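**Student:** Sequence below, structure please.
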Amino acid sequence: GGQLARALRSTYALLDVDSMRKGGGGTEQFRAGWRELVSQVQPLGEPARTSVLELLDAMNRGFAASRRQSWKPYLIRVLHELGEAEATVAGVARRHRVTW
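**Tutor:** All right, here's what the predicted structure looks like:
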């Protein structure tokens, strides 16, 4: 329903963050987007809620602003856990040059 759509929107918004952006601010953008996504996932039902929160926790622990591959692959897996179609997920991974 609506909550799942909000969680998906937050996932896509976080994928669009450039943690390496010139002039700085990328880490702050990541942190804000991460907090927003966690808040959108909290109300979801199981099993999606637990599996996604575990992915987000691991992503946050491994985050390195200078390496998009340290965190973006987790979001591709989040899309998968939230039920996005395989073809959609694969396309998003390609667009963001993420291997997962």
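
**Student:** The residue of the chain positioned farthest from its centre and residue 13, how far apart?
**Tutor:** When distances to the mean C-alpha position of the chain are computed (C-alpha atoms, centre = their mean), the maximum falls on residue 23, with 22.8 Å. Residue 23 sits at a distance of 20 Å from residue 13 (criterion: C-beta to C-beta, to the nearest Å). Any C-beta I mention is one placed from the backbone N, CA and C, and that applies to glycine too.

**Student:** So the residue farthest from the centre of the chain, which state does it fall into?
**Tutor:** coil (DSSP: H, G, I helix; E, B strand; the rest coil).

**Student:** what are the phi and psi values for it?
**Tutor:** Torsion angles at residue 23 (phi, psi; degrees, to the nearest 10) stand at phi 90, psi 0.

**Student:** Give me the distance between it and residue 16.
**Tutor:** 17 Å.

**Student:** quick one on the thing from earlier: check what pLDDT the residue farthest from the centre of the chain gets.
**Tutor:** Looking at residue 23, its pLDDT is 89.

**Student:** Then residue 1?
**Tutor:** Note on residue 1: pLDDT of 64.

**Student:** element containing residue 54?
**Tutor:** Taking DSSP states H and E as the criterion, residue 54 maps to helix 48-62.

**Student:** Identify the residues contacting that helix?
**Tutor:** Helix 48-62 is touched from outside by 7, 34, 37-38, 41-42, 44, 70-71, 74-75, 77-78, 81-83, with contacts defined as C-beta atoms under 8 Å, 6 or more residues apart in numbering.

**Student:** Give me the buried subset of these.
**Tutor:** Those of the contacts of helix 48-62 that meet the buried threshold are 7, 34, 37-38, 41, 44, 71, 74-75, 77-78, 81-82, by 16 or more other C-beta atoms under 10 Å.

**Student:** Please flag which of the residues you listed sit within strands.
**Tutor:** Using DSSP state E, no member of the buried ones among the contacts of helix 48-62 falls in strands.

**Student:** Could you give me the buried positions within the helix holding residue 54?
**Tutor:** Buried residues in helix 48-62 (16+ other C-beta under 10 Å): 48, 51, 52, 53, 55, 56, 59.
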